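In: Next come a sequence and a model predicted from it.
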Amino acid sequence: MADNTGMLFRVVLLASASWCAAAFAQGGAVNLVPATPGTAPSYWCTWGAQNFAIDKHAIESAMSHSTMAANLTEARVFGPHAWATAFPKVHKDLFLLFDLGWDVPANVEFDSARWKLGSMEVASDKFPSCTGSPVERLRRLDELVKGAGWHGAALWVPAHAYLDGKDGKPFTQAELDKFYRERLAWSRAAGIRYWKVDYGSRNNAEFRAWLTKLAAEVSPGLQIEHSRGSCPLNDTACLWEKDLAVGDKGDFAAWGNGSVLAASAAIARLSQSFRTYDVTAPLSVPTTIDRAAQILRAVSGNASARGFVNCEDEPYIAAALGLVTGIMRHPQWIDPKEVGVNYDPHDLRKRIDEVTRAVRWHRLAPPFAMNAPISLDARRLDDTFLFHAGETWADWVIGKEVIQGAPARVARGLALPEVKGGELPFVLASRNPNGAIAVATLPRVATARGFYFPLADVTIAVPDAKAPIGIFGRYRSLTLELPASPGAVRVLAQDLAGDQGEDITDQVRMKGGTIVIPGSVIDRTGLRAASARDVSDPGLVVVLGTRR
């Protein structure tokens, strides 16, 4: 899949470059973002809305999955002001993923009986438009999603079969085979193309490898997402893995003396998509960067690791490193001030444009295979956060200051960026197999000062002057080092959330083979199409063209 996607977008990239060149020659404006939706297996997931877009009781019941499952209904997902109306500019790029609860009838308690999960029959009491046979219900669910403008329906699936383990009796292999062959056939007949396989009694590499192989046989168009099911904080004890923490320094590679990384890499190698898994809101950036970077390094160069890494709800990490994204945020999340709990300290409910920008960048530079070359900075940056009640669902860390670190710089298919400044942001970069370049800076958090965004002077190599360049985050300056002097050029840039490029040639500095873009220009241009009251960081595309 990754190889075919890369081939498709090499064609898109060439077409876009030719279009831009013509616009430069004519001196006219052009939309630098292709209108054709991307084909990456990214999605918006209902789980965050099930938790935070209902009421205070739902927010305070985050550890009760039965409560969260009950919140997933047709009325809440669809309708003129329902959840599915969000992210309108990228609906066709994204699956709408129904998380835990879509196949669980109302009032079913399963927190102490997980074998009740996984029937894969749409709960008609909660989705009354979905009636008939199991296949007819699934097909109708997919029709509802596509009717709302999205790419298609995707499904949460536990890592075990329905009734598997009831009364302490696990299914035999023959029973598993029968169950999953039937469900895979249902999905194929209904047009379902994505399963998110999450926690369950068979959460191991052997089961996941078997299921992936069976899916390829029975429903070859279906993509299977896997994960390890890690605790939300790297190398920090949690309720279900109390004995793995080693140094309590937030180092993913050290966790469990390397066993967590090894297990994650083993599952990633067999996955079409591998999700880095759940994190805490305050420390999401370092936790996610470290997981993605270490797993990517562990599978780099492995010919069998041809799938994608999914970095969940960190769209600018996905854009900069060529990863897919599983969006959780939603603009209808309740304002924390209204319920007295600060579950959204970084205001993700107001950072919706970031999703639009990252997903539209994937039209130009699609996610690429996890086995690509990668470089990690030996220097690590540590973020810290002192958790108070109401700031995390991981209530076992309340009252504790937690450290989470990650490499200061990460690059895929490209030399590590040069970064100069005092205190530094995280800096990520990549060169897509189609030639496109992406770079991002990410903010920091510290107990003593809260969230902050240190500005730095960043320099990246741009081997192909004709390739589009995606720029995300905030900078003091960004220097593009070209292989040779580009001669007389025009520099066109566009907010990735907008539809019209602008000439910024007279706002940058050019000397020889370098182009320096001031941070103020990145801020202004990368927020040109910002939505009202949105607080997202900038995200733009830059294209160089010959001046006539």
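Out: Yep, that arrived. Numbering: from 1, shown residues only.
In: Pairing partners for Val445 in the sheet, please.
Out: Beta-bridge pairing for Val445 (DSSP bridges): Phe451.
In: Kindly report the same for Ile403.
Out: Thr384.
In: Check whether it really touches Leu381, as I assumed.
Out: No: in this structure, Ile403 is not within contact of Leu381 by C-beta atoms under 8 Å, at 10.8 Å. C-betas here are computed from N, CA, C, even on glycine.
In: what domains does the record give for the chain?
Out: The record's domain parsing of the chain by automatic domain parsing lists 1-30+462-548, 43-374.
In: for those, which one ends up most surrounded?
Out: domain 43-374 (a mean of 20; mean count of other C-beta atoms under 10 Å).
In: Report the separation between the two terminal residues of that one.
Out: Terminal residues of domain 43-374 lie 25 Å apart, using C-alpha to C-alpha, to the nearest Å.
In: where exactly do the helices run in the stretch 51-200 of the chain?
Out: Under the criterion DSSP state H, counting those that start in this stretch, the stretch 51-200 of the chain contains helices at 56-60, 65-70, 74-77, 134-147, 173-190.
In: Could you do the chain as well?
Out: 2-26, 47-52, 56-60, 65-70, 74-77, 134-147, 173-190, 205-218, 259-269, 284-299, 315-321, 336-339, 353-364, 519-526 (DSSP state H).
In: Mind putting the ones you listed into JSON lines with mean pLDDT and distance to Phe308?
Out: JSON lines is the format used below for the helices of the chain (pLDDT from 0 to 100; distance: least, C-beta to C-beta, whole Å):
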{"stretch": "helix 2-26", "mean pLDDT": "46", "distance to Phe308": "7"}
{"stretch": "helix 47-52", "mean pLDDT": "96", "distance to Phe308": "20"}
{"stretch": "helix 56-60", "mean pLDDT": "88", "distance to Phe308": "31"}
{"stretch": "helix 65-70", "mean pLDDT": "94", "distance to Phe308": "26"}
{"stretch": "helix 74-77", "mean pLDDT": "98", "distance to Phe308": "25"}
{"stretch": "helix 134-147", "mean pLDDT": "98", "distance to Phe308": "21"}
{"stretch": "helix 173-190", "mean pLDDT": "98", "distance to Phe308": "20"}
{"stretch": "helix 205-218", "mean pLDDT": "98", "distance to Phe308": "14"}
{"stretch": "helix 259-269", "mean pLDDT": "97", "distance to Phe308": "10"}
{"stretch": "helix 284-299", "mean pLDDT": "98", "distance to Phe308": "11"}
{"stretch": "helix 315-321", "mean pLDDT": "98", "distance to Phe308": "10"}
{"stretch": "helix 336-339", "mean pLDDT": "92", "distance to Phe308": "33"}
{"stretch": "helix 353-364", "mean pLDDT": "98", "distance to Phe308": "11"}
{"stretch": "helix 519-526", "mean pLDDT": "98", "distance to Phe308": "25"}
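In: Identify whichever of the ones you listed lies nearest to Pro373.
Out: Closest to Pro373 of those, according to C-beta to C-beta: helix 284-299, at 9.6 Å.
In: can you tell me how far the one residue sitting closest to the centre of the chain sits from Met370?
Out: In the chain, the residue lying closest to the centroid (C-alpha atoms, centre = their mean) is Thr325, at 2.0 Å. Distance of Thr325 to Met370, computed by C-beta to C-beta, to the nearest Å: 14 Å.
In: is it true that the residue nearest to the centre of the chain touches Glu312?
Out: Yes: taking contacts as C-beta under 8 Å, Thr325 lies within contact range of Glu312: 7.0 Å.
In: In this structure, where is pLDDT below threshold?
Out: 1-28, 547-548 (pLDDT under 70).
In: let's see it at 80
Out: 1-29, 62-63, 248, 486, 546-548 (pLDDT under 80).
In: that older thread, leaving out the residues flanking it, which one is nearest to the residue nearest to the centre of the chain?
Out: Nearest residue to Thr325, sequence neighbours excluded (C-beta to C-beta, 6 or more residues apart in numbering): Ala318, at 4.0 Å.
In: cool, and Arg183?
Out: The shortest distance from Arg183 to any non-neighbouring residue, by C-beta to C-beta, 6+ apart, is to Met120 (4.7 Å).
In: same deal with Phe385?
Out: Pro282 (4.3 Å).
In: wait, that neighbour sits on Ala446?
Out: No: with contact defined as C-beta under 8 Å, Pro282 does not count as touching Ala446 (10.5 Å).
In: what's the overlap in contacts for those two?
Out: Listed as contacting both Pro282 and Ala446 by C-beta atoms under 8 Å, 6 or more residues apart in numbering are Phe385.
In: Report the separation between Ala378 and Leu270.
Out: The gap separating Ala378 from Leu270 is 30 Å, by C-beta to C-beta.
In: quick one: contacts for the residue nearest to Arg183?
Out: Applying C-beta under 8 Å, 6+ apart, the residues near Met120 are 103, 134, 138, 155, 157, 162, 183, 186-187.
In: any idea which of those residues is closest to Gly487?
Out: When these are compared against Gly487 (criterion: C-beta to C-beta), the nearest one is Leu155, at 52.7 Å.
In: Would you work out how far apart the start and end of stretch 496-509 are?
Out: In stretch 496-509, first residue to last residue: 22 Å (C-alpha to C-alpha).
In: And the contacts of it?
Out: By C-beta under 8 Å, 6+ apart, stretch 496-509 touches 20, 23, 29-33, 89, 353, 356-358, 360-361, 470, 489-494, 515-518, 521, 525-526, 528-531, 539-543, 547.
In: still on that earlier bit, which member of the contacts of Met120 is positioned nearest Leu96?
Out: The closest of these to Leu96 turns out to be Leu155 (C-beta to C-beta; 10.3 Å).
In: Mind listing the residues bridging to that closest one?
Out: Note on Leu155: beta-bridge partners by DSSP bridges are Phe98, Trp195.
In: mind listing what it touches?
Out: Counting by C-beta under 8 Å, 6+ apart, Leu155 touches 97-98, 102-103, 120, 187, 192, 194-196.
In: could you measure the closest residue to Val359 other than its chain neighbours against Tyr194, distance?
Out: Nearest residue to Val359 in three dimensions, chain neighbours excluded: Val90, at 4.2 Å (C-beta to C-beta, 6+ apart). Distance of Val90 to Tyr194, computed by C-beta to C-beta: 16 Å.
In: ok so, going back, now for the helices of the stretch 51-200 of the chain, which one comes closest to Lys242?
Out: Between Lys242 and the helices of the stretch 51-200 of the chain, the tightest spacing by C-beta to C-beta is seen for helix 65-70, at 20.2 Å.
In: Provide the contact partners of that closest one at residue level.
Out: By C-beta under 8 Å, 6+ apart, the list of residues contacting helix 65-70 from outside reads 47, 50-51, 57-58, 61-62, 100-101, 104, 106-111.
In: next one: stretch 125-135
Out: Counting by C-beta under 8 Å, 6+ apart, 72-74, 101-102, 105-106, 120-122, 124, 136-138, 140-141, 144, 186, 189-190 sit against stretch 125-135.
In: Report the contact partners of Ala415.
Out: By C-beta under 8 Å, 6+ apart, the contact list for Ala415 reads 375, 461.
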